[in-house]
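Trainee: build me a structure from this.
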Amino acid sequence: MNYKFFTQNNQNKKTPQNKAIPGREAEMIRGRSGGYMFDAGIWQMLRRCLLIGTAKSTYYAGKRELTEDFVPTVQKAVAENCDRVAEEILYASDGRAINNSAPIFALVLLSMGETPEAKAAFTKIFPQVVRTGSHFYEWLSYTKSLRGFGKVVREAGKTWLSRPDAKSLAYQLLKYQQRHDFTNRDALRLFHVKPPTPDHELLFHWIVKGWEELPTNIPSTALTQIWWYEWLKRNPDRTHEAITQGRLTHEMTAPVGKMDKQAWQLLFNEMPIGAMLRNLGSLTELDVLRSDELANLDRAEAVLNSKEHLRKGRIHPIDVLKALKTYQSGGKLGRSKKTWNPVSRIVDILEKALELSFDVVEPTGKVFMHAVDVSGSMSYTTVSSIGLTCCEIATTMALVTAKAEKNYMIRGFATDFRNLGITAKDSFSSAIAKASNQNFGGTDASVAYDWMIKNNFKADVICFWTDSESWAGTSHPSQALARYREKVNPNAKAVYITLAPYQITLVDPEDPLSWDIGGFDPGAPRLIQMLAEGGL
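Mentor: Predicted coordinates for the structure are as follows:
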């Protein structure tokens with residue numbers, strides 16, 4: 001009888017994931033899955049919540065519980081460094097968050113900071129975060145519920161509604177006449193806005209009193225779209241003329257005009273990228289998009305496969321992935337009651353748009369191992385109205401990163417490390433199908449390192465696409481990484497892309513070659529490439 005079993009275990013530095021690493025207890029917290037992981041800290045938690053959002057439930061927590069974690073995180077961060085919070089909100093709002101709701105929510109919390117510096121930070125970034133009428137009314141809704149309309153809020157509201165460019169303001173207030181239980185009239189009365197110019201005065205008069213009679217002539221260039229909107233209300237059968245002359249959008253036209261194929265064709269000719277993504281199904285159902293309408297297909301390709309359009313429109317990859325999945329379904333997914341036969345070229349265009357929506361650079365020449373979490377929790381957690389799962393998004397992000405490189409492997413982990421059969425030649429649709437068929441079992445991120453040790457796979461960078469709730473293993477991932485470096489590659493870098501807004505991380509804070517990246521960031525693939533080359 002001897003104690004080799006105990007001393008050998010200590011030498012190998014193995015600790016079951018349901019226990020904290022001895023000596024590191026103060027740095028670790030217990031996740032909702034029961035496993036112990038390192039505390040991500042308020043700043044990493046803040047970025048995750050801003051990028052991912054907490055308004056959708058996950059496998060391990062409901063949306064109220066997640067948001068109850070989000071609120072004190074923002075409050076603590078504001079108390080510590082309000083300017084940094086403002087920078088994080090701006091970073092997420094600039095097309096990196098899956099939508100602008102979490103940044104707007106955090107903006108309200110920033111305005112509630114107790115210091116003058118917090119109020120000033122809120123005022124400074126407000127117009128950069130609240131860009132559209134929809135954003136404005138969402139902000140009003142959160143503000144009403146969380147804090148009320150004090151001085152700093154009233155000044156922000158007045159400034160937004162008094163922007164110097166009356167034409168762009170008219171566009172927003174016509175396009176979004178009411179949202180979130182607020183109307184344009186409610187906003188003007190709430191903030192007691194005085195019109196700064198004659199154009200603003202005409203605009204506000206239309207909002208408050210409307211036009212009982214249509215003016216004979218357009219009263220101002222700034223109100224051109226409003227005049228044509230009012231004209232169309234009185235002449236609903238002349239939609240084509242209103243769209244052509246007034247340059248009306250779908251949101252302005254559909255509620256009051258008669259919509260037919262020609263109307264949709266006219267809208268499509270000027271349709272911006274966001275509206276195009278949302279209306280591909282309707283355009284196909286009406287035969288505006290069909291295999292033999294080459295000019296229309298060419299325009300769809302020119303818009304959707306343009307990096308400039310994607311960036312200017314702040315199109316997030318998840319928006320494209322949602323559009324791809326919805327379009328391929330022929331109307332079976334999403335809220336639309338329409339049905340259509342998908343045009344194969346549009347599917348190809350969306351596949352390319354998805355790849356272009358991520359920020360990548362030239363191949364680094366490094367060897368990458370992509371470990372995609374295919375455990376049960378990743379298939380349960382959804383992040384959009386049409387049921388995109390974390391696993392589907394993780395697979396998409398891993399594949400686009402792999403497509404930018406020449407030397408890579410993509411495998412899936414649950415309680416084992418399995419071959420998913422995914423290569424860079426896969427379409428995103430086929431890759432997602434391969435990964436989604438594998439969703440079952442517990443989560444053990446350390447199995448990726450164990451497999452690479454056993455197979456002597458020398459990776460320069462190991463990327464984990466996961467919700468970070470690793471709990472099922474006999475060794476912590478950080479310990480398995482240490483063994484991998486000892487036995488295979490001492491310079492291996494590890495990147496954990498966390499796809500859920502939890503306050504946990506698999507990164508050892510004492511490891512200078514490991515990083516945690518907030519999930520769903522379109523810049524994540526490029527950031528990983530920069531880390532691979534030592535650029536950060």
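
Trainee: lowest-scoring secondary structure element of the protein by mean pLDDT?
Mentor: Scoring the helices and strands of the chain by mean pLDDT, DSSP states H and E places helix 4-11 at the bottom, with a mean of 53.

Trainee: neighbours of Val129, how many?
Mentor: Around Val129 sit 21 other residues, with neighbours defined as other Cβ atoms under 10 Å. (Glycine included, C-beta is placed from N, CA and C.)

Trainee: surely it meets Pro103?
Mentor: Yes - Val129 sits in contact with Pro103 when judged by Cβ atoms under 8 Å, with a separation of 5.6 Å.

Trainee: what is in contact with these two at once?
Mentor: A shared contact of Val129 and Pro103, defined by Cβ atoms under 8 Å, 6 or more residues apart in numbering, is any residue touching both; here these are Ile89, Leu90, Ser93.

Trainee: now, the residues you listed that are in strands?
Mentor: Mapping those onto strands (DSSP state E) picks out no residues; all lie outside.

Trainee: most neighbours among these, which one?
Mentor: Looking at these with neighbours defined as other Cβ under 10 Å, the largest count falls to Ile89 at 28 neighbours.

Trainee: do I have it right that it meets Lys124?
Mentor: No - with contacts counted by Cβ under 8 Å, Ile89 stays clear of Lys124, the gap being 10.7 Å.

Trainee: which residues of the stretch 301-450 of the chain fall in strands?
Mentor: When assigned using DSSP state E, counting those that start in this stretch, the strands of the stretch 301-450 of the chain occupy the ranges 367-373, 407-413, 417-419.

Trainee: the second one packs against which elements?
Mentor: Okay, so that is strand 407-413. Judged by 3 or more Cβ pairs under 8 Å, 6 or more residues apart in numbering; DSSP states H and E, the packing partners of strand 407-413 are strand 367-373, helix 390-403, strand 417-419, helix 446-454.

Trainee: can you give me the distance of the residue lying closest to Ala492 once chain neighbours are set aside to Val367?
Mentor: Here the nearest residue to Ala492 in space, its sequence neighbours aside, is Arg485; by Cβ to Cβ, 6 or more residues apart in numbering that works out to 5.6 Å. Arg485 sits at a distance of 15 Å from Val367 (criterion: Cβ to Cβ, to the nearest Å).

Trainee: okay, the nearest residue to Lys403 once chain neighbours are set aside: pLDDT?
Mentor: Counting by Cβ to Cβ, 6+ apart, Lys403 lies nearest to Ala424, which is 4.7 Å off, once chain neighbours are set aside. Per-residue confidence (pLDDT) for Ala424: 90.

Trainee: among the shared contacts of Val129 and Pro103, which lie within helices?
Mentor: Ile89, Leu90, Ser93 (DSSP state H).

Trainee: and the residues you listed as CSV, adding distance to Leu146?
Mentor: As requested, these are arranged in CSV below (distance: Cβ to Cβ, whole Å):
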residue, distance to Leu146
Ile89, 15
Leu90, 20
Ser93, 18
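
Trainee: need those residues in TSV with distance to Tyr137 and pLDDT, can you?
Mentor: Listed next are those as TSV, based on distance: Cβ to Cβ, whole Å; pLDDT from 0 to 100:
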residue	distance to Tyr137	pLDDT
Ile89	18	98
Leu90	20	98
Ser93	16	97
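
Trainee: remind me which residues of this structure are low pLDDT?
Mentor: Within the chain, the set of residues satisfying pLDDT under 70 comprises 1-12, 384-386, 536.

Trainee: mind doing that once more with 80?
Mentor: Low-confidence segments of the chain, defined by pLDDT under 80: 1-13, 334-337, 361, 379-387, 439-440, 535-536.

Trainee: list the buried residues in the one helix or strand the residue nearest to Ala492 maps to.
Mentor: Following DSSP states H and E, the helix or strand that holds Arg485 is helix 477-487. Within helix 477-487, the residues that qualify as buried are Pro477, Ser478, Gln479, Ala480, Leu481, Ala482, Arg483, Tyr484, Arg485, counting by 16 or more other Cβ atoms under 10 Å.
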